[in-house]
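Peer 1: just need the structure, nothing else, for what follows:
(chains A and B, ligands or ions: 2)
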Amino acid sequence: MSKNKETKGKETEKEMMVKLSDIDPKFKYEISKLPGAENVLLCFQCGTCTADCPIARFSDFYRPRKLIRMVQLGLKNKLLSNDVIWLCSTCFTCIDHCPQDVGIASIVRALRNLTVEGGTMPVVYKELASNILKTGYTYIISGLRLKKREDQGLPPLPKANLESVAKLFDVTGFSKTLEKERT
Amino acid sequence: MSELRYLLFLGCVIPYRISSYEISARKVLDKLGVELVEMPEFNCCGFPMDPVKHDLMLTLAARNLCLAEQQNLNIMALCNGCFGILNHVNKELKEDKKLKEKVNGYLKEIGMEFKGTITVKHLIHVLAQDVGFEKIKETVQKPLNQLRVAQHTGCHVVRPGKIVGFDDPENPSTLKKLIAVTGAECLDYMDEMECCGNPISGINSEIPLQLAREKLDHVRAVGAQALITVCPFCHMMYDLNQSRIERTFNEKFRIPVLHYPQLLGLAMGFSPDELALKQLRVDASKILTEVIAQR
Ligand code: SF4
Ligand code: SF4
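Peer 2: Residues are numbered from 1 along each chain as shown, chains lettered A, B, ... in the order given. Ligands and ions are numbered 1, 2, ... in the order given. As a prediction, this is how the structure comes out:
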């Protein structure tokens, strides 16, 4: 086990090395223009967010404070190819506790959105998106379930307006992103 | 608008898996004189799409809000996630003119326009603020005096505090008070406001199980006979996944997880069957025997 820890320690050291060529000085401004991310530059690295983050308690890698620092440093490529950004459970504890009103969860969302625009989307989200397009709902609700509703005296589940839903996928540009994912 | 009339926003998780919440909520709300109007043509609240496309989330949410505006009715959600996102988007669009213009630009394509004429509430807001504790008390015919439970309020019904603006996000008391009305004792336990972790289940299954294990452990430590939730997503983590948690960590919890309306319904005198208690994965018959024994 101790050996394991050592190797992990070394990895982290390596991971922490930053080459000048990795830095995109404009990235923090790009992020700060996105909704909820306006205060990213105000973070003074107190660590409250990481200390209070439920995910950080159980993950060896997810550290919101570190993510904000990486944004400030402009480590765009490292952030946008990092699976760790998908671990935030959007509990908003950090948003309520941050002394600098940094919208941490919104910044993580911005990083996710940019990653998706760049062509990488976790499978689960592809599935959910395709379910919404097919039914209007996030999950495919089986015919059996629909019938059971009525057997239990519940009103029938309203049919979604699929035309409108598809149109919203189109006009927001998300249909294109999904198509790119497919090819 | 009559005060106790709402458009019911069911969301996706409830019709997909957690009918027991809907069945029991409809029963107790009816008893309290709350009229629920079905929401035609609604779609996913938008929350699941925020991580991949913020604008898509905004428009899916806004479309639901427009449907409610068309009927001139306030929305009541049963799910914390649906409430959180619909309420957040509603408030933002009401306050931020530029954002409203942008979203209305999208909505124009489907012949809709956000005006900002309704409000969004969660079941517990409706119960605590609109129905009121006094009125609920009047309907409690069989107080659950011997029962000791713990509550899990969940995140999005109180956080971010600045946006929700209801109760104390650090130590919310609404659900505790609603439990007290039923006669049951609500026990305090460690880390009550810890997240269920379910939103990342599709990405990482381990961490949510660890979080839920810890919650059940803390609930057990104070001797609670049941855990009470007000969100189908949280409920899934503790009820549906409880046997998996037991297997993974080699523990035995067997803590029944009831939707708040099931607890209230028992206190009102509804039978366990009327409240769909059989649909719970973790057998609740032990506490029911106690409840019934008191009667
Ligand atoms: S709590 Fe706020 S200021 Fe402190 S490290 Fe986190 S983001 Fe930065
Ligand atoms: S919102 Fe995300 S980053 Fe913030 S405390 Fe919760 S899980 Fe951690």
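
Peer 1: residues near the residue lying closest to A:C88 once chain neighbours are set aside, how many?
Peer 2: Distance criterion Cβ to Cβ, 6 or more residues apart in numbering or on different chains; nearest residue to A:C88, sequence neighbours excluded, is A:V108 at 4.5 Å. (Each C-beta comes from the backbone N, C-alpha and C, glycine too.) For A:V108, the count of nearby residues is 26 (other Cβ atoms under 10 Å in any protein chain shown).

Peer 1: verify the contact between A:V108 and A:S89 for me.
Peer 2: No. Checked against Cβ atoms under 8 Å, the pair A:V108 and A:S89 is beyond contact range at 10.2 Å.

Peer 1: how about the helices of the chain, start to end?
Peer 2: Using chain A here. Remark: helices assigned in chain A by DSSP state H are A:2-16, A:27-32, A:48-52, A:54-58, A:64-73, A:76-80, A:93-97, A:104-117, A:123-135, A:143-151, A:162-171, A:174-182.

Peer 1: wait, chain B was what I had in mind.
Peer 2: B:13-16, B:19-31, B:54-71, B:80-95, B:97-108, B:123-125, B:133-139, B:161-164, B:174-181, B:206-221, B:232-235, B:242-249, B:260-268, B:285-294.

Peer 1: what's the angle from the longest one to helix A:104-117?
Peer 2: On the basis of axes from the mean of the first three to the mean of the last three Cα atoms, to 10 degrees, helix B:54-71 is oriented at 110 degrees to helix A:104-117.

Peer 1: neighbours around the residue in chain B that ligand 1 sits nearest to, how many?
Peer 2: As assessed by Cβ to the nearest ligand atom, ligand 1 sits closest to B:P160 within chain B, at 13.2 Å. Neighbour count for B:P160, taken as other Cβ under 10 Å: 22.

Peer 1: residues from the stretch 101-250 of chain B in reach of ligand 1?
Peer 2: Proximity of the stretch 101-250 of chain B to ligand 1 is not found for any residue under the rule Cβ under 6 Å from any ligand atom.

Peer 1: please name the residues that touch A:T135.
Peer 2: Contact analysis of A:T135 by Cβ atoms under 8 Å, 6 or more residues apart in numbering or on different chains lists A:141, A:160, A:162.

Peer 1: nope, A:V18 is what I was after
Peer 2: So A:V18 contacts A:73, A:75 (Cβ under 8 Å, 6+ apart).

Peer 1: for it, grab phi and psi.
Peer 2: Dihedral pair for A:V18: phi -120, psi 120, per degrees, to the nearest 10.

Peer 1: and for B:M39?
Peer 2: phi -100, psi 110.

Peer 1: thought B:E69 was touching it, still the case?
Peer 2: No. B:M39 is beyond contact range of B:E69, at 11.9 Å (criterion: Cβ under 8 Å).

Peer 1: now stretch B:15-34 - C-alpha only, CSV.
Peer 2: The C-alpha trace of stretch B:15-34 is given here as CSV (Å, rounded to 0.1, in the frame of the first residue of the first chain):
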residue,chain,number,x,y,z
PRO,B,15,-42.8,8.6,-13.7
TYR,B,16,-39.7,6.5,-14.6
ARG,B,17,-39.2,4.8,-11.3
ILE,B,18,-40.7,6.5,-8.2
SER,B,19,-44.5,6.4,-8.6
SER,B,20,-44.9,5.9,-4.8
TYR,B,21,-43.9,9.5,-4.3
GLU,B,22,-46.5,10.7,-6.8
ILE,B,23,-49.2,8.5,-5.5
SER,B,24,-48.7,9.6,-1.9
ALA,B,25,-48.2,13.2,-2.7
ARG,B,26,-51.5,13.3,-4.6
LYS,B,27,-53.3,11.7,-1.7
VAL,B,28,-52.2,14.1,1.0
LEU,B,29,-52.5,17.2,-1.2
ASP,B,30,-56.0,16.3,-2.0
LYS,B,31,-56.8,15.9,1.6
LEU,B,32,-55.3,19.3,2.3
GLY,B,33,-57.5,20.9,-0.4
VAL,B,34,-54.7,21.6,-2.8
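
Peer 1: ok, it near chain A or not?
Peer 2: Yes. Using Cβ under 8 Å from any Cβ of the partner chain, stretch B:15-34 comes into contact with chain A via B:15-17, B:19, B:22-23, B:26.
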